[in-house]
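Asks: need a structure here:
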Amino acid sequence: MSEIKPEFKLLSLENNRIRFIISGINPTIANAIRRTILAEVPVMAIDEVIIFENSSVLPDEILAHRLGLIPLKTDPSLYELYEEGSGLLSKGDVILRLEVEAVDGPMTVYSGHIKPVTDPSVVPVYDNIPIVKLEKGQKISAELIARLGRGKDHAKWQPVAAVAYKYYPQIIIHEDKCTLCERCIEVCPKKVLKISNGKLTVENLLECSMCRACERACEYGAIEVSWDDTTFIFSFETTGALPPKAILVKALEILINKARKFMEEVEYRVKE
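Replies: Got it, this is the predicted structure:
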């Protein structure tokens with residue numbers, strides 16, 4: 001039996017989104033990649049909030065929770081993962097500051113009001129995330145401590161907003177059975193099929209959700225929908241903390257290192 005080697009094909013790459021195809025793997029590996037992207041790739045997030053003054057309508061703990069969920073720009077190569085008990089200013093801690101007062105009238109506090117203190121590269125990804133509204137005379141003064149962490153410990157450390165994959169669809173059209181009635185085209189929610197040069201053809205195969213609506217609509221059995229369980233279409237959208245390419249590469253590195261350590265452990269135990 002010949003060995004199947006994984007292959008990668010990039011479909012699209014935008015600022016915060018990526019879509020690609022991986023072939024030559026099984027569903028277990030595909031799900032491991034998804035979970036690693038979601039839960040293992042480290043990014044910066046606000047982990048502690050020291051509030052000196054908060055006269056807003058939000059309680060301290062709700063304010064701290066909102067601040068923790070604001071995505072921060074991250075360069076994980078510059079930091080070590082924070083470990084519980086290593087101290088307030090352990091290596092990897094980054095200090096930010098939030099000083100806002102509504103002097104002239106009501107105002108909204110945005111993520112752009114958060115300013116770096118110790119590292120100018122660690123700032124909110126977006127400046128327009130609303131945090132709280134202040135009435136005239138209200139004030140917030142707080143010191144924010146950001147640390148590197150993983151999504152498996154808290155959602156604030158997830159580098160992606162969404163990550164998903166699906167099987168690579170396969171559509172077989174039996175031309176000898178097709179009457180060109182177009183019922184399959186009408187029921188397809190993704191507009192995958194069309195009539196071209198007097199034949200039923202597949203227009204957007206990658207958009208097929210494999211719902212089989214077209215297959216059920218054809219009373220002549222001219223369409224068969226299936227999938228390739230060794231090929232997967234991946235897509236994910238980042239929070240902006242890291243570029244999509246960096247997240248994917250780091251996730252694969254983490255997965256490979258885990259597999260290598262497992263193999264070493266097995267070999268060690270077998271020798272005992």
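
Asks: just checking: what are the partner strands of the strand with the most length in the chain?
Replies: Using DSSP state E to define each element, the chain has its longest strand at strand 223-238. Strand pairing for strand 223-238, using DSSP bridges, gives strand 17-23 (antiparallel), strand 160-173 (antiparallel).

Asks: packing partners of the following helix or strand past the last one?
Replies: Reading on from strand 160-173 to the C-terminus, the next helix or strand found by DSSP states H and E is helix 183-187. Other helices and strands packing on helix 183-187, by 3 or more CB pairs under 8 Å, 6 or more residues apart in numbering; DSSP states H and E, are strand 193-196, helix 213-217. For every residue, glycine as well, the C-beta is placed using N, CA and C.

Asks: report the buried residues of the following helix or strand past the longest strand of the chain.
Replies: Next helix or strand after strand 223-238 toward the C-terminus (DSSP H and E): helix 244-271. Of all the residues in helix 244-271, those buried under the rule 16 or more other CB atoms under 10 Å are Pro244, Ala246, Ile247, Leu248, Lys250, Ala251, Ile254, Leu255.

Asks: next: stretch 200-212.
Replies: In stretch 200-212, counting by 16+ other CB under 10 Å, buried: Leu200, Val202, Cys208, Met210.

Asks: need those in JSON lines with pLDDT, can you?
Replies: Putting the buried residues of stretch 200-212 into JSON lines (pLDDT from 0 to 100) gives the following:
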{"residue": "Leu200", "pLDDT": "94"}
{"residue": "Val202", "pLDDT": "94"}
{"residue": "Cys208", "pLDDT": "95"}
{"residue": "Met210", "pLDDT": "95"}
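
Asks: what segments of the stretch 51-200 of the chain are helices?
Replies: 60-68, 183-187 (DSSP state H, counting those that start in this stretch).

Asks: what's in contact with the shortest one?
Replies: The contact list for helix 183-187, computed with CB atoms under 8 Å, 6 or more residues apart in numbering, reads 191, 193-195, 200, 213-218, 222-223.

Asks: what is the mean pLDDT for it?
Replies: The pLDDT scores in helix 183-187 average 94.

Asks: still on that earlier bit, the helices and strands packed on helix 183-187: which one's closest to Gln158?
Replies: Proximity to Gln158 (CB to CB) singles out helix 213-217 among those, at 33.4 Å.

Asks: the closest one packs against which elements?
Replies: helix 183-187, strand 223-238.

Asks: of the ones you listed, which is nearest Leu98?
Replies: Short answer: strand 223-238, nearest of the helices and strands packed on helix 213-217 by CB to CB, at 24.1 Å.

Asks: that closest one versus helix 244-271: what angle between them?
Replies: Going by axes from the mean of the first three to the mean of the last three CA atoms, to 10 degrees, strand 223-238 is angled at 100 degrees with respect to helix 244-271.

Asks: chain center to strand 223-238, what's the gap?
Replies: How far strand 223-238 lies from its chain's middle: 18 Å, per CA atoms, centre = their mean, to the nearest Å.

Asks: what do you get for stretch 253-260?
Replies: That offset, for stretch 253-260, works out to 19 Å (CA atoms, centre = their mean).

Asks: sounds good, over and out.
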